[in-house]
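> attaching a predicted model along with its sequence, questions to come.
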Amino acid sequence: MVKYPFALIATKRSTRQTCHMEFLYRSSCDRNVIVSVAVKHGMNRPSGFPGFILPCLGVHPVQGDPAQPRGALPEDLNSALPIIEKNAEQIVAIGEVGLDFTPRIVNTESGKELQRQVLIRQVEMAKQLNLPLNVHSRSAGRPTIHLLKELGVENALLHAFDGKPSVAMEGVRAGYFFSIPPSIIRSEQVRNEPKNITISADYIAKTKGIPVEQVIEVTTLNALRLFPKLKTFISHL
Ligand SMILES: [Zn+2]
């Protein structure tokens, strides 16, 4: 069995920053689980995990004030680009990026098109930097998968995907990964946070009728396949 299992969970967008940071870290409160967690402190890395924090950078499809969220615009990306380029060496993926067609976020075709343009440019950037994508999609499962395929994306994680199973299978056939967040059990008490990642592992094990150790091993290997930069990191453990 792999000693240090990885798991990836869905994250929340940063509320104030144009850039969204996502980190992988080893949970201090759970058994050797390495998880991904959104950090709401903009560009400040949390202390306490030196050398153990691996960020992603990208412009999220939902921007603006949390009280009045709006879709991402090209100017959001323009202002974030220098930060992403400056940190390109340190990041393990471009993300979160994606499409969010929730009506309160975007309700016009032109608004959706602007979100698409922001995603397209970030896909191009990920290709140039040879980095995978961490993709958010809400009320936009089909358009997201289709756009990724159209753009020839090969390495992507779709988190908290809410599209139809048939559309998810299209993504699977294209080689994309899908994360299963703890919220899968739909409990008010269970939040999408690192310490709950074993709930996802148990759920998958039960659904597939396989031992949880196998789930942990396979998700670890999947994480290493999708985020090759983690290999250097894990060898230090
Ligand atoms: Zn998301």
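That came through fine. Since the structure is predicted, the reported quantities are computational estimates derived from the model, not experimental observations. Residues are numbered from 1 along each chain as shown.
> who does the most centrally placed residue in the chain bridge with?
Computing the C-alpha centroid of the chain and ranking residues by C-alpha atoms, centre = their mean puts residue 134 first, at 3.6 Å. Residues in a beta bridge with residue 134, per DSSP bridges, are residue 95, residue 157.
> begin at 196 from now on, thanks
With 196 as the first residue, the last one maps to residue 329.
> doesn't residue 286 make contact with it?
No - using C-beta atoms under 8 Å, residue 329 is not in contact with residue 286; the gap is 10.2 Å. All C-beta spots, glycine's among them, are computed from the backbone N, C-alpha and C.
> overlap in contacts of those two?
Residues touching both residue 329 and residue 286 (C-beta atoms under 8 Å, 6 or more residues apart in numbering) are residue 251.
> for the ion, give me its nearest residue in this structure.
Closest contact between the chain and the ion, by C-beta to the ion, is at residue 331 (3.2 Å).
> what is the neighbour count of that residue?
Neighbours of residue 331 under the rule other C-beta atoms under 10 Å: 27.
> give me the contacts around the longest helix that the chain contains.
Using DSSP state H, we find that the single longest helix of the chain is helix 304-324. With C-beta under 8 Å, 6+ apart as the contact definition, helix 304-324 has outside contacts at 253-254, 256, 265-269, 271-272, 276, 279, 283, 288-289, 292-296, 301, 327-328, 338-339, 342-343, 346, 348, 350.
> could you pick out the buried ones from the residues you listed?
253-254, 256, 265-268, 271-272, 276, 279, 288-289, 292-296, 301, 327-328, 338-339, 342-343, 348, 350 (16 or more other C-beta atoms under 10 Å).
> please go through those and note which also touch the ion.
Among the buried ones among the contacts of helix 304-324, not one lies near the ion by C-beta under 5 Å from the ion.
> about what we covered before: the residue of the chain closest to the ion: which element?
Using DSSP states H and E, residue 331 falls within strand 328-333.
> what is that strand packed up against?
When contacts are defined as 3 or more C-beta pairs under 8 Å, 6 or more residues apart in numbering; DSSP states H and E, strand 328-333 packs onto strand 251-254, strand 288-295, helix 304-324, helix 336-345, strand 351-354.
> please identify the most buried of the ones you listed.
Mean neighbour count (mean count of other C-beta atoms under 10 Å) peaks for strand 251-254 among the helices and strands packed on strand 328-333, with a mean of 30.
> relative to that strand, what are the paired strands and their orientations?
With DSSP bridges as the test, strand 251-254 pairs up with strand 214-221 (antiparallel), strand 288-295 (parallel).
> touching, residue 330 and residue 342? I think so.
No - the pair residue 330 / residue 342 is not scored as a contact, 9.8 Å apart, by C-beta under 8 Å.
> phi, psi for the residue lying farthest from the centre of the chain please.
Among residues of the chain, the one most distant from the C-alpha centroid is residue 404; the distance is 26.4 Å, by C-alpha atoms, centre = their mean. With angles defined as degrees, to the nearest 10, residue 404 sits at phi 70, psi 40.
> distance of it from residue 370?
The gap separating residue 404 from residue 370 is 25 Å, by C-beta to C-beta, to the nearest Å.
> and what of residue 413?
Noted for residue 413: a distance of 15 Å to residue 370, by C-beta to C-beta.
> likewise for residue 326?
For residue 326 relative to residue 370 (C-beta to C-beta), the value is 16 Å.
> again with residue 376
According to C-beta to C-beta, residue 376 and residue 370 sit 21 Å apart.
> show me the contacts for residue 326.
So residue 326 contacts 283, 286-289, 350 (C-beta under 8 Å, 6+ apart).
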